[in-house]
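S.K.: Fold the stuff below for me.
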Amino acid sequence: MTINRSAGLRPGARQLAGPLIGLALGAVLLRQLQGVDLADLLAALQQTGIGQLCGALLATAVSLVALGAYDVEIHATLGSDVGRGRARRAGWRAVAIGQVTGFGTLVGAMVRWRLLPDTSPARTLHVSTLVSLSFMVALLPLALIACLLWLPGIAPPLALLTAALSILAAVPAGLRKLRDHPRARKFLGRLDGPRFARLQLWTALDVGAAALALWFVITADGIPLGPVFAAYLVALGAGLLTNMPGGLGAFELALLALLPDIPQADLLAGILLFRALYHALPAMFAMRAVMRGGRPAVRSAGALRTEQLISAAPCAEWGLARQGALLYELHPGSAICTQTAPGILAVIGRSLGKMPLRALADLALQDGRRPVLYKCDARTAADARRAGWTVMRLAKEGRLDPSRHSTVGSACRQLRRKLRQADAAGVVCRTPVTLPLAEMADVAAEWAAQHGGERGFSMGRFEPGYVARQEVVIARDETGQLLGFVTFHAAPCGWTLDLMRHRADIPPGTMTALVHTAILAAKAAGCTRLSLAAVPDLPENLRGWKVLKAAGLTRFKATFAPSWTARYIAVRRPWDLPFALCSVAWQVHVGSGRDSLADAAGAETRDLEFDLPGAAWQQTAISPWSPSR
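M.R.: Purely as a prediction, here's the structure:
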């Protein structure tokens, strides 16, 4: 059988079919509007209250948030390296402009390309196409279910239910089947049933909020939300198929046909206000961003550059970059070490050069996060406060100079006692030439089982490749069994304590002897700056102090007679502070697999994040080596 291709529409004609139908429907709408009294329309507009407008604006904002989240999901599905914040902003702006201009897929691709200049045109077109197609597929069952619930007269209820359930069941199966085809798999990326379910939820939130915005501005009394929601979904689908600006013509005719109980003047007034608030206003804001254009994303340092920066680090915790922390060069001669927690981008330790606060805020924004300075020094905190940031004293850090370290004097009385206890128990501490990684892994696993897992964020986690690049001290008993070990980040700027791992039942003084041996090793290596870590800077009579065992941690570190230096947390806005504190706490205690706070600290295992003195400019106004008052 020969197929006569000329009998069908040519590709160009098929593309023009929607707009042509839209124009025809627009003409029909114009004829229908001739029967509407202009005075009634103006009266309906004047009856709209401030509360209705505010409700519609709030619903519009919720819808735009959902649209942005939809783009985030699509970028993740395609494996894009676009940050969540940039994807979210580009997404809602692309839709806001596309729904006003028509041809949303093509216009949306152009807007995304303008706002994401480091993304190729092919990729933005790919994103835009997948957004449009998946949105239509997600919208259809929602519209069918809404019609079943609130517009049952539009079609037989059984047919509506069957169609909706069939689509919901067919989509996951279809996605699995399409993954067998290379071209379809390339187009769909990692889109599967669970990911599509998330897209379905974002679609429901988007169209639900949009329908709510329309309902708010319909002035007729006693109009239930359900029928308006169902009619809006049908009208939206009809408008999208025409590719006309805002679905002009099809959208209005569908609403007029499906909502006959609402007076035409009231419904048309509501549609006009809806188009002004939901279409025109977001498009105006989006166009401002498009006219400015987007900036390329700031990329983290590559592997080779990361090692170069670590060797010039202003503080030794930059070694965390070997285990997930990212280094960024925001300006020439300026770099920072960052970690993420839910909703925040935190700078760990000092910056190389002066802290680039504005660039940090932009960097956090591109990923949709809030910038945080976590345990920064006094000088950086003062700079942040002058820049309008909110600053709070958070911790105090114990520091010492290994070249001057001694066990002589009343301040070291407790240290001498602990060392005698360890020596009497036959504990031997040394810096091994070859690390006993298998034994260390057993000790770390036992410690993690007792303390709810390894920590994260600004704390190290035991990994053989990670500790192999640190300074390590181990402790054995008389039988040769490994009792525990400590590790230090080591850099030209100094040493910083990182991991402290031990078995459950170790002789008294073992951990003290380990740290003391590490101090002596640092002294032998010519190190003059060593950090013993930070402890929470809380009043001793504060409720919960003993529960967190922070007092015991402070006493343990005070054994070595360090100088104490204040550490601060800084955020851009006051309301970001409780969010940042909760986010960090979650990341440390839950995000890294920790189950409880009750076992948090044993006197020698809590708080593994620290920093050290940096470049000379950081020591001019406020000496980082002076004890905090």
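S.K.: Could you chop the chain up by domain?
M.R.: For the chain, the structural domains run 40-292, 303-395, 397-564+584-619, going by automatic domain parsing.
S.K.: Report the mean per-residue pLDDT for the last one.
M.R.: Domain 397-564+584-619 carries an average pLDDT of 81.
S.K.: to the chain's geometric centre, what's the distance from it?
M.R.: Once both centres are worked out by Cα atoms, centre = their mean, to the nearest Å, domain 397-564+584-619 turns out to sit 31 Å from its chain's centre.
S.K.: Kindly list the longest helix within the protein.
M.R.: Longest helix of the chain, by residue count under DSSP state H: helix 121-150.
S.K.: Surely residue 500 touches residue 511?
M.R.: Yes - with contact defined as Cβ atoms under 8 Å, residue 500 counts as touching residue 511 (6.4 Å). (Glycine included, C-beta is placed from N, CA and C.)
S.K.: Who has more neighbours out of the two?
M.R.: The neighbour comparison of residue 500 against residue 511 (other Cβ atoms under 10 Å) goes to residue 511, with 26 against 22.
S.K.: For the strand or helix carrying the more buried one, which residues meet the burial criterion?
M.R.: Assigned by DSSP states H and E, residue 511 falls within helix 510-524. Neighbour-count burial for helix 510-524, counted by 16 or more other Cβ atoms under 10 Å, picks out 510-519, 521-523.
S.K.: Which residues does that helix contact?
M.R.: Residues outside helix 510-524 that contact it (Cβ atoms under 8 Å, 6 or more residues apart in numbering) are 400, 402-403, 405, 407, 415, 418-419, 422-423, 425, 427, 429-431, 471, 473-475, 483-486, 488, 495, 497, 500, 502, 530, 532, 556, 559-560, 604.
S.K.: And the residue nearest the centre of this protein?
M.R.: residue 343 (4.5 Å; Cα atoms, centre = their mean).
S.K.: Would you check that it makes contact with residue 371?
M.R.: No - assessed by Cβ under 8 Å, residue 343 is found out of contact with residue 371, at 10.9 Å.
S.K.: returning to that earlier point: torsion angles phi and psi at the residue nearest to the centre of the chain?
M.R.: With angles defined as degrees, to the nearest 10, residue 343 sits at phi 80, psi 0.
S.K.: Next one, pLDDT for it please.
M.R.: Note on residue 343: pLDDT of 92.
S.K.: returning to that earlier point: of the contacts of helix 510-524, buried ones?
M.R.: 400, 402, 405, 415, 418-419, 422, 425, 427, 429, 471, 473-475, 483-486, 488, 495, 497, 500, 502, 530, 532, 556, 559-560, 604.
S.K.: one step back: quickly name whichever of the buried residues of helix 510-524 is closest to residue 299.
M.R.: Proximity of the buried residues of helix 510-524 to residue 299 was ranked by Cβ to Cβ; the top entry is residue 522 with 34.6 Å.
S.K.: Identify the residues contacting the residue nearest to that closest one when sequence neighbours are not counted.
M.R.: Leaving aside its sequence neighbours, residue 522 sits nearest to residue 402 (Cβ to Cβ, 6 or more residues apart in numbering; 4.1 Å). Contact partners of residue 402, counting by Cβ under 8 Å, 6+ apart, are 495, 519, 520, 522, 523, 527, 528, 530.
S.K.: quick one on the thing from earlier: how far out from the middle of the chain is the longest helix of the chain?
M.R.: Centre-to-centre, helix 121-150 and its host chain are 25 Å apart (Cα atoms, centre = their mean).
S.K.: and it, what does it pack onto?
M.R.: If contacts are counted by 3 or more Cβ pairs under 8 Å, 6 or more residues apart in numbering; DSSP states H and E, helix 121-150 sits against helix 50-77, helix 104-115, helix 157-178, helix 182-188, helix 193-216, helix 225-242.
S.K.: Export the ones you listed to a markdown table and append columns for mean pLDDT, distance to residue 85 and mean neighbour count.
M.R.: Output for those, formatted as a markdown table (pLDDT from 0 to 100; distance: least, Cβ to Cβ, whole Å; neighbours: other Cβ atoms under 10 Å):
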| stretch | mean pLDDT | distance to residue 85 | mean neighbour count |
| --- | --- | --- | --- |
| helix 50-77 | 96 | 9 | 19 |
| helix 104-115 | 94 | 12 | 22 |
| helix 157-178 | 90 | 28 | 14 |
| helix 182-188 | 91 | 25 | 13 |
| helix 193-216 | 96 | 16 | 20 |
| helix 225-242 | 92 | 27 | 22 |
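S.K.: quick one: which of those helices is nearest residue 277?
M.R.: Closest approach to residue 277 among the helices and strands packed on helix 121-150 is made by helix 50-77 (5.1 Å; Cβ to Cβ).
S.K.: angle of that closest one against helix 121-150?
M.R.: On the basis of axes from the mean of the first three to the mean of the last three Cα atoms, to 10 degrees, helix 50-77 is oriented at 130 degrees to helix 121-150.
S.K.: following helix 50-77, which helix or strand comes up?
M.R.: Note on helix 50-77: by DSSP H and E, the next helix or strand toward the C-terminus is helix 84-101.
S.K.: Remind me what that following helix packs against, helices and strands.
M.R.: Applying 3+ Cβ pairs under 8 Å, 6+ apart, one finds that helix 84-101 makes contact with helix 50-77, helix 104-115, helix 281-292, helix 357-366.
S.K.: export the ones you listed to TSV and tack on distance to residue 123?
M.R.: Listed next are the helices and strands packed on helix 84-101 as TSV, based on distance: least, Cβ to Cβ, whole Å:
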stretch	distance to residue 123
helix 50-77	9
helix 104-115	9
helix 281-292	18
helix 357-366	17
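S.K.: among those, which is nearest residue 589?
M.R.: Of all the helices and strands packed on helix 84-101, it is helix 357-366 that lies closest to residue 589, at 22.7 Å by Cβ to Cβ.
S.K.: which strands and helices sit next to the closest one?
M.R.: Helix 357-366 sits against helix 84-101, strand 326-331, strand 334-341, strand 344-348, strand 370-376, with contacts defined as 3+ Cβ pairs under 8 Å, 6+ apart.
S.K.: Quick check: buried residues in it?
M.R.: Residues of helix 357-366 classed as buried by neighbour count (16+ other Cβ under 10 Å): 357, 359, 360, 363, 364, 365, 366.
S.K.: Kindly provide the distance from residue 274 to residue 434.
M.R.: With distances taken as Cβ to Cβ, to the nearest Å, residue 274 is found 73 Å from residue 434.
S.K.: I meant to write residue 355 there.
M.R.: According to Cβ to Cβ, residue 355 and residue 434 sit 40 Å apart.
S.K.: Of these two, which one has the most company?
M.R.: residue 355 (24 against 5).
S.K.: what's the closest of the domains of the chain to residue 573?
M.R.: For those, the distance to residue 573 is smallest for domain 303-395, at 6.6 Å, taking Cβ to Cβ.
S.K.: Straight-line length of that closest one, end to end?
M.R.: Using Cα to Cα, to the nearest Å, one end of domain 303-395 lies 32 Å from the other.
S.K.: One more: stretch 351-358?
M.R.: Stretch 351-358 has an end-to-end distance of 14 Å (Cα to Cα).
S.K.: dump the residue contacts of the residue nearest to the centre of the chain.
M.R.: Contacts of residue 343 by Cβ under 8 Å, 6+ apart are 369, 370, 579, 583.
S.K.: Relative to residue 214, how far out is the third one?
M.R.: What it means is residue 579. Residue 579 is 33 Å from residue 214, where distance means Cβ to Cβ.
S.K.: same question, the last one
M.R.: Distance check for residue 583 against residue 214: by Cβ to Cβ, it reads 36 Å.
S.K.: swap in residue 253?
M.R.: According to Cβ to Cβ, residue 253 and residue 214 sit 15 Å apart.
S.K.: go on, residue 158?
M.R.: 29 Å.
S.K.: re earlier: just the ones of the contacts of helix 510-524 in strands?
M.R.: Among the contacts of helix 510-524, DSSP state E puts 400, 429-430, 471, 473-475, 483-486, 488, 495, 497, 500, 502, 530, 532 in strands.
S.K.: sorry, back to before: TSV please, covering the buried residues of helix 357-366 and showing distance to residue 463.
M.R.: Formatted as TSV, those follow (distance: Cβ to Cβ, whole Å):
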residue	distance to residue 463
357	33
359	31
360	28
363	27
364	27
365	32
366	29
